[in-house]
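Asks: Sequence and predicted structure are below.
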Amino acid sequence: MQAAGRFVVLGALLALTAQASAQSALPLKHAPARTQTAITPADLMTRLYLYSDDSMMGRLAGSEYNLKATAYIASEVKRFGLQPAGDSGGYFQNVPLVKRGLDPNAVLSVEGASLQPWTDFVPRDPGRATRAFDGAPVVYAGVWSDSTMISAEQAAGKFIVLGAHTGPNVPPPQQVNRGAILSRYRTAAGIAVAALETFPPQVINFFRQPQTLLRDGPSDTTSLPGYVYVNAAGARLLLGAPLDSVRAGAVGKTVHGSVAFVDTPAPARNVVAILPGSDPKLKGEYVAIGAHNDHIGFDQDAVDHDSLRGFNDAVRKLQLAAPNHQVAPDQVQQIHINVDSLHRLHPARRDSIYNGADDDGSGTSAVLEIAQAFAGAKVKPKRSLIFVWHTGEELGLFGSQYFTDHPTVTRDSIVAQLNMDMVGRGRADDENGGGPGYLQLIGTRRLSTELGDLIEAVNKARKQPFAFDYQFDATGHPEQYYCRSDHYMYARYGIPIAFFTTGNHRDYHQVTDEPEYIDYDKLAHVSQFVHDIATAVANLDHRVVVDKPKPDPHGNCVQ
Ligand SMILES: [Zn+2]
């Protein structure tokens, strides 16, 4: 599942004393065994220990490890005998991601004195071409939101320095607002906001990481002013005088250099395979079954597994006890974990790889297991099945966006999409009401009441029916699960979807999301359930009826 905000909460708050939780009974490594046609916990264990092994290095889209992970999926579907349905007769659909980073030659200089990026100034990516400002005069534009600010016309073609109100008691409109500043001074050559002192190092580090983006279609060539943050010394160099000694409109020095951003192609691919339907009239229609093949890679620094997990375990306990899972920062501050007691039982394990066993190794393995079951069955469903393992979900649902914008079968021939993301957890210590039958359903009636009803009917026919938790499907739910995984990219085109997940947990987007914490019986039950739903949808004598309004495919997702 995609992270909710742009800033990941830093797991640096590890205070250590008190007893940590019990360890899992499952091993750290598992020897792969031959998989069989039937959906079994043992097959899923084989697949998931392989797929979330350290050698996969966190499967980040845009990295070679995403190629390695998708190579495993493709080799499996080839072995099952499924038809390739990617680009040019293969199983892969390449997705045009780029890594966008600061040009290594970026520099600002004034009269021979140079400011270096990330230390003396911090550039921000405007998302498209950056206007050239070399040789532009520097002008002091005043303090942002003050009435004495210079006009847009006065700033045209100039490199402006902007003062900023900062601090905890400043109302939001008066604070540095990049969108508003760029929109007012759109015709400036460049913009330097003198507010760098207020940025914590982790924010600067975050800006410094190249961003991976989907580059689909012609890019917007209209340029925007280069946008940087400088400190008081930088502002003084640009203006030739201290910031607080000059008036809005004062002309400073001449600036040289550039802060362009450059795109480098980054490898990423969907895996797409088809099981042809058995009914000559219906085989031209598809039930899509999907998961995401990527995760979030690895860190440069390792953390202690037990400390991190003990801490996150304590946070999760507080969340489960609180209404809406909201925990106050002072409660978190009071958590103490005794890691020494654990390390008397086994040596410390330092880890830097986000294995993503549940996210979404679980869904990926489940789709493989379902594909193998259908491929090996004597009787095939009437409609065809299309299996898609999407890339770049974690970075912004890129693979599913690309697949649904450029589907390799007619878009209208896809009658429904069943998405699994994080389907291997949901125990009592993961979720309120958690247990063997716990499953969250999202979006099942948002386009088609019939699909939601059909899923309920398939469930009732099970020996041990699931107990569905629909709370995260609520309109406006703050967790936004409906908008945070691949199914939404299908739903935006009016394709009925069902999103299956066993929910959030203490190892979500942590290096501790490891295969030894997965509930393989649960994973097998979810896989079999989605298999049976796919069969029911594929064998209906009509397409599941869309009786709800379709969203705008290019609008924003609304939970
Ligand atoms: Zn995720």
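Replies: Received, thanks. Residues are numbered from 1 along each chain as shown.
Asks: Regarding C557, what is its secondary structure?
Replies: Three-state call for C557 (DSSP: H, G, I helix; E, B strand; the rest coil): coil.
Asks: ok, now Q300?
Replies: Once three-state DSSP is applied, Q300 turns out strand.
Asks: Tell me how far it lies from S352.
Replies: Distance from Q300 to S352, counting by Cβ to Cβ, to the nearest Å: 7 Å. Bear in mind the C-beta positions are built from the backbone N, C-alpha and C, glycine included.
Asks: Same drill for these two, tell me which one is more crowded.
Replies: Each of Q300 and S352 has its neighbours counted (other Cβ atoms under 10 Å); S352 has more, 15 against 5.
Asks: helix/strand/coil for the more buried one?
Replies: Look at S352: counting by three-state DSSP, its state is strand.
Asks: Endpoints of stretch 117-126, how far apart?
Replies: End-to-end span of stretch 117-126 (Cα to Cα, to the nearest Å): 16 Å.
Asks: Residues touching that stretch, excluding its own?
Replies: Stretch 117-126 is contacted by residues 100, 102, 106-108, 114-115, 178, 182, 192, 196, 199, 204, 207-208, 211, 224-231, 233-234, 259, 261 when judged by Cβ atoms under 8 Å, 6 or more residues apart in numbering.
Asks: In helices, which of these fall?
Replies: Judged by DSSP state H, the contacts of stretch 117-126 include R178, L182, I204, F207, R208, A233, G234 as members of helices.
Asks: which two from those residues end up farthest apart in space?
Replies: L182 and A233 (24.1 Å; Cβ to Cβ).
Asks: circling back to that earlier point, just the buried members of the contacts of stretch 117-126?
Replies: Buried residues within these, defined by neighbour count using 16 or more other Cβ atoms under 10 Å: 100, 102, 106-108, 115, 182, 192, 196, 199, 211, 224-231, 234, 259, 261.
Asks: list the buried ones in stretch 115-131?
Replies: Using 16+ other Cβ under 10 Å as the test for burial, stretch 115-131 gives L115, P117, D120, F121, V122, P123, R124, D125, P126, T130, R131.
Asks: Correction: the previous question concerned stretch 468-476.
Replies: F468, D469, F472, D473.
Asks: Farthest-apart pair in those residues, please.
Replies: F468 and F472 (10.8 Å).
Asks: quick one on the thing from earlier: quick check: of the buried residues of stretch 115-131, which lies closest to the ion?
Replies: Nearest to the ion, judged by Cβ to the ion, of the buried residues of stretch 115-131 is D125 at 23.1 Å.
Asks: So the closest one versus R100, what's the distance?
Replies: In terms of Cβ to Cβ, D125 sits 6 Å off from R100.
Asks: overlap in contacts of these two?
Replies: Counting by Cβ under 8 Å, 6+ apart, the residues touching both D125 and R100 are Q211, F261.
Asks: Tell me which residues touch H554, please.
Replies: H554 neighbours (Cβ under 8 Å, 6+ apart): R492.
Asks: Find the centremost residue of this structure, please.
Replies: Nearest to the mean C-alpha position of the chain, by Cα atoms, centre = their mean, lies E394 at 2.2 Å.
Asks: Settle this for me: that one is touching R59, isn't it.
Replies: No - in this structure E394 lies outside contact range of R59 using Cβ atoms under 8 Å: 9.0 Å.
Asks: before we move on, back to that, for the ion, tell me which of the contacts of stretch 117-126 show up nearby.
Replies: With Cβ under 5 Å from the ion as the criterion, the contacts of stretch 117-126 include none near the ion.
Asks: Of those, which belong to strands?
Replies: Members of the contacts of stretch 117-126 lying in strands (criterion: DSSP state E): 100, 102, 107-108, 114-115, 192, 211, 226-230, 261.
Asks: I'd like those written out as TSV, with distance to P84 and pLDDT added.
Replies: Shown next, in TSV, are the ones in strands among the contacts of stretch 117-126 (distance: Cβ to Cβ, whole Å; pLDDT from 0 to 100):
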residue	distance to P84	pLDDT
R100	31	93
L102	39	95
V107	48	94
L108	51	95
S114	53	94
L115	52	95
A192	52	97
Q211	31	91
G226	45	95
Y227	45	96
V228	47	96
Y229	49	96
V230	53	96
F261	36	92
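Asks: For these, which two are the farthest from each other?
Replies: For the ones in strands among the contacts of stretch 117-126, the maximum inter-member distance is 25.3 Å, found between S114 and Q211 (Cβ to Cβ).
Asks: in stretch 400-414, what counts as buried?
Replies: For stretch 400-414, using 16+ other Cβ under 10 Å, the buried residues are S400, Q401, Y402, F403, T404, P407, V409, S413, I414.
Asks: Pick out the residue of the stretch 451-559 of the chain closest to the ion.
Replies: Going by Cβ to the ion, the ion is nearest to H509 of the stretch 451-559 of the chain, at 5.9 Å.
Asks: what do you get for the stretch 301-450 of the chain?
Replies: In the stretch 301-450 of the chain, no residue comes nearer to the ion than D359, which is 4.0 Å away by Cβ to the ion.
Asks: residues from this protein in reach of the ion?
Replies: Within the chain, the positions near the ion by Cβ under 5 Å from the ion are M1, D359, E394.
Asks: Just the ones in helices from the residues you listed, please.
Replies: Mapping the residues of the chain next to the ion onto helices (DSSP H) picks out E394.
Asks: Check the residues of the chain next to the ion against F500 and report the nearest one.
Replies: Distances from F500 to these, taken as Cβ to Cβ, are shortest for M1 (11.9 Å).
Asks: ok, how many other residues are close to the closest one?
Replies: 23.
Asks: wait, doesn't it sit right on S485?
Replies: Yes - M1 is in contact with S485 according to Cβ under 8 Å; the separation is 5.4 Å.
Asks: overlap in contacts of those two?
Replies: Counting by Cβ under 8 Å, 6+ apart, the residues touching both M1 and S485 are E393, D421, T501.
Asks: Show the contacting residues for the first one.
Replies: Meaning E393. E393 neighbours (Cβ under 8 Å, 6+ apart): M1, Q2, A61, H292, D294, D360, G399, S400, D421, S485, D486.
Asks: at 6 Å what do you get?
Replies: Going by Cβ atoms under 6 Å, 6 or more residues apart in numbering, E393 touches H292, D294, D486.
Asks: overlap in contacts of Q300 and S352?
Replies: The contact sets of Q300 and S352 do not overlap (Cβ under 6 Å, 6+ apart).
Asks: Please report the distance of the residue sitting furthest away from the middle of the chain from the ion.
Replies: Farthest-out residue of the chain from its mean C-alpha position, per Cα atoms, centre = their mean: S245, at 45.8 Å. Computed as Cβ to the ion, to the nearest Å, the S245 to the ion distance reads 50 Å.
Asks: ok, which stretches of the stretch 351-500 of the chain are strands?
Replies: Remark: strands assigned in the stretch 351-500 of the chain by DSSP state E, counting those that start in this stretch are 384-390, 414-420, 438-442, 467-469, 497-501.
Asks: Tell me which residues are up against the fourth one.
Replies: Applying Cβ under 6 Å, 6+ apart, the external contacts of strand 467-469 come out as G437, L439, Q440, L441.
Asks: can I assume the first one is in contact with R462?
Replies: So the one you mean is G437. No - with contacts counted by Cβ atoms under 6 Å, G437 stays clear of R462, the gap being 9.4 Å.
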